[in-house]
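Enquirer: got a predicted structure here, sequence first:
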Amino acid sequence: RANSLAISTFSKTHRKKSDTNCQSLCSSSDQTQLHRGLQKKTLQSGVGGVTLFIALYDYDARTEDDLTFQKGEKFQIINNTEGDWWEARSLDTGKSGYIPSNYVAPIDSIQAEEWYFGKMGRKDAERQLLGQGNPRGTFLIRESETTKGAYSLSIRDWDETKGDHVKHYKIRKLDNGGYYITTRSQFDTVQQLVEHYTGSNDGLCYYLTKSCPNSVPLTMGLARDAWEVPRETLTLQKKLGQGCFGDVCMGMWNGTTKVAVKTLKPGTMSPEAFLEEAQIMKRLRHDKLVQLYAVVSEEPIYIITEFMSEGSLLDFLKDGEGQTLKLPQLVDMAAQIAAGMAYIERMNYIHRDLRAANILVGDNLVCKIADFGLARLIEDNEYTARQGAKFPIKWTAPEAALYGRFTIKSDVWSFGILLTELITKGRVPYPGTR
């Protein structure tokens, strides 16, 4: 049901969309806004108006201005007004520098707990918990998708009928501020609730054994003020793919950070137009969109993004692990893509080139949308004529192919063709037609 809802959310198109709306795009995703609201609130609370923060992960400095720190280090925040990178002083080392704001949380807050995963959907929670190596009783707590101020407890379970599966319990909030799953057992804090069910299942499917492992999150950008980067800071290491307009390589930025680099052939698009579009694209932030890290704006243009370990969905389906996937996994991947496209729609943006080749796959079958918006900038004559080998005619809605009318509705058409690629494990649409 959750998967069907995610797909239908994107597929229902009930109003006309403008091509781009910079004013709408100037705000980040709902999740980023929520995170920043928490940051602002917590910095104004605490003893003497100062709240100390604790590191949730290790971080190695990428620039001279960054601060290297270890998980568990405590910080005093000096300046949090510059977006996603805060100036902080480590209380453990005494050193100061910039840190990624999503790597820290207020001490003693629920956000600082290893088992707290924040804003996460039901299917994403199941994907995490069913990962290899997690025993029965592995759990996480996330925000409730349906009830504001409540949480959901997700637990990995096993039985002879279903095998490994995940069960979900709503953690409700009392009027006096307490929490409960069943009314007979009530607790002042979520931490106390977790401690109780660690010792006894007390009506749950199984007692809590260990918190679900959480992968280190992406930083918002490569570093503070690292948007237009010098070409010499990039080292291209391995060619991952080749297209009509350039290559995709695995590389390193500044000798510290693994990235993917799309190199565009000179003349593919105007550097000025690309830079203008990239400013909009970098504000699109969603966990189902490949993050645009930085650019080299002089020709040949380089586009630097996060690295996805399994490459394109098309190659994954044809030659990789995708050959063995069952229908529920394929539907889940479709739902992930639909969730990302629904976000693009909410932001009044248009992809224009949605197909399996432009979806990237990471660990645990995570799918992310890439190359959104770039098709509009291509200046190649064979492409802009909307015919020939370079134009993706089989994925393009009739009104877009015939008249150049790209809207979110034409993206829905392309999404439908992408579904056939999923089900047929990467077969070219409309086989036998040219």
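Expert: That came in fine, so what should we check first?
Enquirer: and Gly97, how far from Cys205?
Expert: 45 Å (C-beta to C-beta, to the nearest Å). (Each C-beta comes from the backbone N, C-alpha and C, glycine too.)
Enquirer: I misspoke; the intended subject was Asn134.
Expert: Per C-beta to C-beta, Asn134 is found 15 Å from Cys205.
Enquirer: so which of Gly97 and Cys205 has more stuff around it?
Expert: Neighbour count, other C-beta atoms under 10 Å: between Gly97 and Cys205, Gly97 has more, with 20 against 16.
Enquirer: tell me the confidence at the more buried one?
Expert: Predicted confidence (pLDDT) for Gly97: 95.
Enquirer: quick one: low-confidence ranges for the stretch 301-434 of the chain?
Expert: 374-391 (pLDDT under 70).
Enquirer: and if we set it to 50?
Expert: 378-389 (pLDDT under 50).
Enquirer: quick one, helices of it?
Expert: Assigned by DSSP state H, counting those that start in this stretch, the helices in the stretch 301-434 of the chain fall at 313-319, 327-346, 381-384, 398-403, 408-423.
Enquirer: so how far is the second one off the chain centroid?
Expert: Looking back up the chat, that one is helix 327-346. 12 Å (C-alpha atoms, centre = their mean, to the nearest Å).
Enquirer: so where's the stretch 1-150 of the chain uncertain?
Expert: In the stretch 1-150 of the chain, residues with pLDDT under 50: 13-48.
Enquirer: what segments of it are helices?
Expert: Going by DSSP H, counting those that start in this stretch, the stretch 1-150 of the chain shows helices at 2-11, 22-25, 30-43, 122-129.
Enquirer: phi, psi of Gly426?
Expert: Gly426 adopts backbone torsions of phi 90, psi 10, taken as degrees, to the nearest 10.
Enquirer: how many residues are close by it?
Expert: 19.
Enquirer: what of Leu222?
Expert: Using other C-beta under 10 Å: Leu222 sits among 22 other residues.
Enquirer: identify the residue spatially nearest to it, adjacent ones excluded.
Expert: Tyr293 (4.9 Å; C-beta to C-beta, 6 or more residues apart in numbering).
Enquirer: ok, which stretches of the stretch 151-300 of the chain are strands?
Expert: Using DSSP state E, counting those that start in this stretch, the strands assigned to the stretch 151-300 of the chain run over residues 151-159, 163-173, 179-180, 186-187, 210-211, 234-243, 246-253, 257-264, 292-296.
Enquirer: most tightly packed of those?
Expert: The highest mean neighbour count among the strands of the stretch 151-300 of the chain, using mean count of other C-beta atoms under 10 Å, belongs to strand 292-296: a mean of 22.
Enquirer: averaged pLDDT, it. What do you get?
Expert: Rounded mean pLDDT across strand 292-296 is 92.
Enquirer: can you tell me what sits against it?
Expert: 221-222, 226-231, 234, 253, 259, 274-275, 278, 281-282, 284, 301-306 (C-beta atoms under 8 Å, 6 or more residues apart in numbering).
Enquirer: spit out the contact partners of the closest residue to Phe187 other than its chain neighbours.
Expert: Nearest non-adjacent residue to Phe187, counting by C-beta to C-beta, 6+ apart: Leu193, 4.3 Å away. Leu193 makes contacts with Ile171, Tyr179, Tyr180, Ile181, Ser185, Phe187, as judged by C-beta under 8 Å, 6+ apart.
Enquirer: how near is the residue nearest to Leu222 to His165?
Expert: 37 Å.
Enquirer: partner residues bridging Val361?
Expert: When assigned by DSSP bridges, Val361 has beta-bridge partners Cys367.
Enquirer: touching, it and Ala370? I think so.
Expert: No: when contacts are counted by C-beta atoms under 8 Å, Val361 is not listed as touching Ala370 (10.5 Å).
Enquirer: count of residues packed around the closest residue to Gly121 other than its chain neighbours?
Expert: Spatial nearest neighbour of Gly121, chain neighbours left out: Glu145 (6.5 Å); criterion: C-beta to C-beta, 6+ apart. Using other C-beta under 10 Å, the number of residues around Glu145 comes to 13.
Enquirer: ok, Gly177 next?
Expert: Residues near Gly177, counting by other C-beta under 10 Å: 8.
Enquirer: not counting its neighbours along the chain, what's nearest it?
Expert: Asp188 (7.4 Å).
Enquirer: tell me the spacing between the one you found and Tyr349.
Expert: Distance from Asp188 to Tyr349, by C-beta to C-beta: 44 Å.
Enquirer: these two: which is more packed in?
Expert: Legend: neighbour count by other C-beta under 10 Å for Asp188 and Tyr349, higher for Tyr349 (25 against 12).
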